[in-house]
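Q: would you be able to build a 3D model of this:
(chains A and B)
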Protein chains: 2
Amino acid sequence: MGALPRELVDEALAAGKARREEILGVRYLRFRDDWHHVPRGTVVVEGRVVWGYPRIGRILRLETGLAEQFDGPFQAEEKIDGYNVRIVRLGGRALAFTRGGFLCPFTTDRLPDLMDTAFLEAEPERVVCAEVAGPENPYLVGHPPFIGEDVRLFVFDLMRLDRAEFEAPDRRARLVREAGLPAAPVLGRYTAADWERLRALLRRLDAEGREGIVLKALAPPWRRAKYVTASSAVADVRVSVAALRQLPPEYFTNRILRLVLFLDEEGMEADPALERALGAAFIEGLQAAIAQFRAEHRVAHRFRCRFRERAYAEAFLALQQRLAGHGRVRALRLEREGAWEVLEFEKLDPEMTGLLGHVLRGGVVYD
Amino acid sequence: MGALPRELVDEALAAGKARREEILGVRYLRFRDDWHHVPRGTVVVEGRVVWGYPRIGRILRLETGLAEQFDGPFQAEEKIDGYNVRIVRLGGRALAFTRGGFLCPFTTDRLPDLMDTAFLEAEPERVVCAEVAGPENPYLVGHPPFIGEDVRLFVFDLMRLDRAEFEAPDRRARLVREAGLPAAPVLGRYTAADWERLRALLRRLDAEGREGIVLKALAPPWRRAKYVTASSAVADVRVSVAALRQLPPEYFTNRILRLVLFLDEEGMEADPALERALGAAFIEGLQAAIAQFRAEHRVAHRFRCRFRERAYAEAFLALQQRLAGHGRVRALRLEREGAWEVLEFEKLDPEMTGLLGHVLRGGVVYD
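A: Numbering: from 1, shown residues only, chains lettered A, B, ... in the order given. The predicted structure is shown next:
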């Protein structure tokens, strides 16, 4: 099994930490949790290992965080508000796996629209790490303001099959450029001493409603960190508040802390427009949920996305239905529209539906 | 042991659900958790039982909630934003116990200023249930806007020793009035059909920054419910956000839901001033915590309160230090000022102190 000893895989299977999957005829094995040195989301397919994408620590302070995390030059890349995929070519097909290690029928189906997959034919040992984002993505409610329709893909790392390391940023940039792959924008090179330049950059990204940056060292041990804008915190609250009973409640308090530390570092005064935007994000998001409950007797989020092939749309739906649990994901429409099979589906929020049903009917809560 | 069988008390002690306490020379037993039919906060002192004050369910909707909870007339009383005490006269002294069943040295010391304790000499079987509120209370950061200094006491129920039942609202009101005790304001009598009148009342309370109402049925089975204003939700966020790592995170999301349902029922449109107030409550509360951390290298809340007797101030401090755990409560000053022993103390927030220290120094978080 490539770089993973068979005994380790067997133990992980026995412990329930790894699981066999079959999606669209692809049989593979997925690590559901961290297991010894193997991260969650690691996949074994055709005897090769697609290593899990590691978590990147967040700094909440540029001035001290850069100095603490980086002792040499690093590169800033735009952080795109989408979902993370790893793309490989195995068994004669290009396949996209989600962060959690599921073969993603949506991304796999749409790969020819998102990138030139000839790269993986020329470089079959590669793992392309990318963010997929846009209003017609099937996973996330939010999306970057600069993507008006459908989805786009942004490559931000290259790995190799059976290996956990990333290609160095310079070499990765050259390979991606030469292959004509779409890349996450590189926003310059810095050292920790340049924190005021980065602060100015972040202020611009914030004003444009962009999410933030990922910083990658240009020399071993290749350290990384991320940092996000105040506006991304407000946007997260707005799109997520209707799901407040499903999310860990720290979700909201963490974002408010990021926002306030961002303002503090940027030397921004208490701004009535921002205060109002944060309050409105909470209030309007919940008002929309109440209005939906009143009209439809449930709170659900609607997604729309485009597939090339109907079979992939069906496989996507089946997977979402399995993952979300009984009855929570429901197809509303799957129809040919020109070149596309357009899928519309909704994801029920049973917690918010139950809570609003209870309290609007006059029930009591003990909190 | 009065109304509690000795075996039940012994079992509760053995199970760690009850505990013996001694504060200011008063030896008593306190139920730390619900145990069979005995609620948390129940106290046994001088062989008599002071029954725990029961939780009151919250409705989030007047129109349906009143109809669901009340099938006859009920009374609305103002809900005062303070802490709950039960006051008894036992062993020749008037004693005040907190909701959790601790003898409160502060309230006990100040009782002669807060109410005419001759009532308990004339009616020694009584348990007076009251809220104590004001800017100089030693427990809560917030307080009602209409109390400018020190604390005041508001009686809202009468019980009897060894009994779990409340005096009926009518009889209680008469007894309280005849004894000249300060009472929580009674805001009228209603039936569920009067919900629009109550809605108008709540709108006025909201505009005045008051917390809300407690509703009490006027006939058996004496049902109760509470309902709070949008402004109380914003006030709670403002005074609590610096402690966001110590509070259950649902604390915030519950209050936002209450606020939005209040607006919805009141037919209030999205209001820029309220949106801004909610955003500002989050932002300014955390900004204050950051400013304090920067000046003092810790986040702590400062309390100031007045005692009659120094020994009670010392007993109060000792109890707070024991309950808060090692080093979290620190006396800043205990000095005679005219008629008062003025205590100033601070309560450290170790979670927020640790988090701000970590991230301001440039540490990373994984969230």
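
Q: quick one: is stretch A:346-366 near chain B?
A: Yes - Stretch A:346-366 is in contact with chain B by CB under 8 Å from any CB of the partner chain, via A:355, A:359, A:360, A:361, A:362, A:363, A:364, A:365, A:366. Where you see a C-beta, it was placed from the backbone N, CA and C, and this is true even at glycine.

Q: okay, now the third one: neighbour count?
A: This means residue A:360. Using other CB atoms under 10 Å in any protein chain shown, residue A:360 has 20 other residues around it.

Q: same deal with residue A:215?
A: Neighbour count for residue A:215, taken as other CB under 10 Å: 25.

Q: so what are the sheet partners of the helix or strand hosting it and their directions?
A: Residue A:215 belongs to strand A:212-217 when assigned by DSSP states H and E. Using DSSP bridges, strand A:212-217 pairs in its sheet with strand A:74-79 (antiparallel), strand A:224-228 (antiparallel).

Q: can you list the neighbours in contact with it?
A: Contact partners of strand A:212-217, identified using CB atoms under 8 Å, 6 or more residues apart in numbering or on different chains, comprise A:56, A:66, A:69-70, A:72-79, A:156, A:169, A:184, A:187, A:190, A:198, A:201-202, A:205, A:222-229, A:232.

Q: hey, where'd the strands end up in the stretch 1-150 of chain A?
A: A:18-23, A:26-31, A:43-45, A:48-50, A:58-59, A:74-79, A:83-90, A:93-98, A:126-133 (DSSP state E, counting those that start in this stretch).

Q: could you dump those strands to CSV with mean pLDDT and mean neighbour count?
A: Converted to CSV, those look like this (pLDDT from 0 to 100; neighbours: other CB atoms under 10 Å in any protein chain shown):
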stretch, mean pLDDT, mean neighbour count
strand A:18-23, 97, 16
strand A:26-31, 98, 20
strand A:43-45, 97, 24
strand A:48-50, 97, 23
strand A:58-59, 97, 21
strand A:74-79, 98, 23
strand A:83-90, 98, 22
strand A:93-98, 97, 22
strand A:126-133, 98, 24
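
Q: make JSON lines out of the ones you listed and add distance to residue A:300.
A: Shown next, in JSON lines, are the strands of the stretch 1-150 of chain A (distance: least, CB to CB, whole Å):
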{"stretch": "strand A:18-23", "distance to residue A:300": "25"}
{"stretch": "strand A:26-31", "distance to residue A:300": "28"}
{"stretch": "strand A:43-45", "distance to residue A:300": "31"}
{"stretch": "strand A:48-50", "distance to residue A:300": "33"}
{"stretch": "strand A:58-59", "distance to residue A:300": "31"}
{"stretch": "strand A:74-79", "distance to residue A:300": "29"}
{"stretch": "strand A:83-90", "distance to residue A:300": "20"}
{"stretch": "strand A:93-98", "distance to residue A:300": "22"}
{"stretch": "strand A:126-133", "distance to residue A:300": "22"}
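
Q: which among the contacts of strand A:212-217 count as buried?
A: Applying 16 or more other CB atoms under 10 Å in any protein chain shown to the contacts of strand A:212-217, the neighbour count classes A:66, A:69-70, A:74-79, A:156, A:169, A:184, A:187, A:190, A:198, A:201-202, A:205, A:223-229, A:232 as buried.

Q: leaving out chain neighbours, which residue sits closest to residue A:235?
A: Computed as CB to CB, 6 or more residues apart in numbering or on different chains, the closest residue to residue A:235 that is not its neighbour in sequence is residue A:142, at 5.7 Å.

Q: I'd like the distance between that neighbour and residue A:233.
A: Distance from residue A:142 to residue A:233, counting by CB to CB, to the nearest Å: 12 Å.

Q: ok, those two, which is more surrounded?
A: Counted by other CB under 10 Å, residue A:142 and residue A:233 do not tie: residue A:233 has more neighbours, with 25 against 17.
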